[in-house]
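**Student:** curious how this folds, go ahead:
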Amino acid sequence: MPAEGEQSDSPFKRLATKYDVAEAQLLLRWGVQNGYPVLPKSTNPVRTRENLDPFSFRIDDADMDYIRGLDRGAGLAWGEVDPTTHD
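**Tutor:** Predicted coordinates:
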């Protein structure tokens, strides 16, 4: 089974199409609109340019709530141990 972002009908692909942006731009913008610091990285020049412009559009409130409500499972960016609370 492909990863969520690889599925042609993934919610992020649908929303990226709606806003006419790349999926990464959509997710970066969602983070910015939620007040999260975002640190995009890519060695691909096209993606680097996309990552530098999460401000050319705004995700509407209904879509922000939809993304926020998606089941993300138990994954964590830092694994099983939170480095901000663990020695």
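**Student:** packing partners for the helix or strand of the chain with the lowest mean pLDDT?
**Tutor:** When the helices and strands of the chain are compared on mean pLDDT, DSSP states H and E, helix 45-51 comes out lowest with a mean of 85. Using 3 or more CB pairs under 8 Å, 6 or more residues apart in numbering; DSSP states H and E, the elements in contact with helix 45-51 are helix 23-33. (Glycine included, C-beta is placed from N, CA and C.)
**Student:** and residue 41, helix, strand or coil?
**Tutor:** When the structure is split into helix, strand and coil by DSSP: H, G, I helix; E, B strand; the rest coil, residue 41 lands in coil.
**Student:** the nearest residue to it once chain neighbours are set aside - how many residues pack around it?
**Tutor:** In space, not counting the residues next to it along the chain, residue 41 is nearest to residue 51; the distance is 7.7 Å by CB to CB, 6 or more residues apart in numbering. Taking other CB atoms under 10 Å as the criterion, the count of residues near residue 51 is 18.
**Student:** need the contact list for residue 51.
**Tutor:** For residue 51, the contacting residues are 24-25, 28, 40-42, taking CB atoms under 8 Å, 6 or more residues apart in numbering as the criterion.
**Student:** can I get those in JSON lines with distance to residue 10, neighbour count and pLDDT?
**Tutor:** Written out in JSON lines, the entries for the contacts of residue 51 read as follows (distance: CB to CB, whole Å; neighbours: other CB atoms under 10 Å; pLDDT from 0 to 100):
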{"residue": "24", "distance to residue 10": "13", "neighbour count": "17", "pLDDT": "88"}
{"residue": "25", "distance to residue 10": "15", "neighbour count": "22", "pLDDT": "91"}
{"residue": "28", "distance to residue 10": "16", "neighbour count": "22", "pLDDT": "91"}
{"residue": "40", "distance to residue 10": "19", "neighbour count": "15", "pLDDT": "83"}
{"residue": "41", "distance to residue 10": "22", "neighbour count": "7", "pLDDT": "83"}
{"residue": "42", "distance to residue 10": "20", "neighbour count": "13", "pLDDT": "84"}
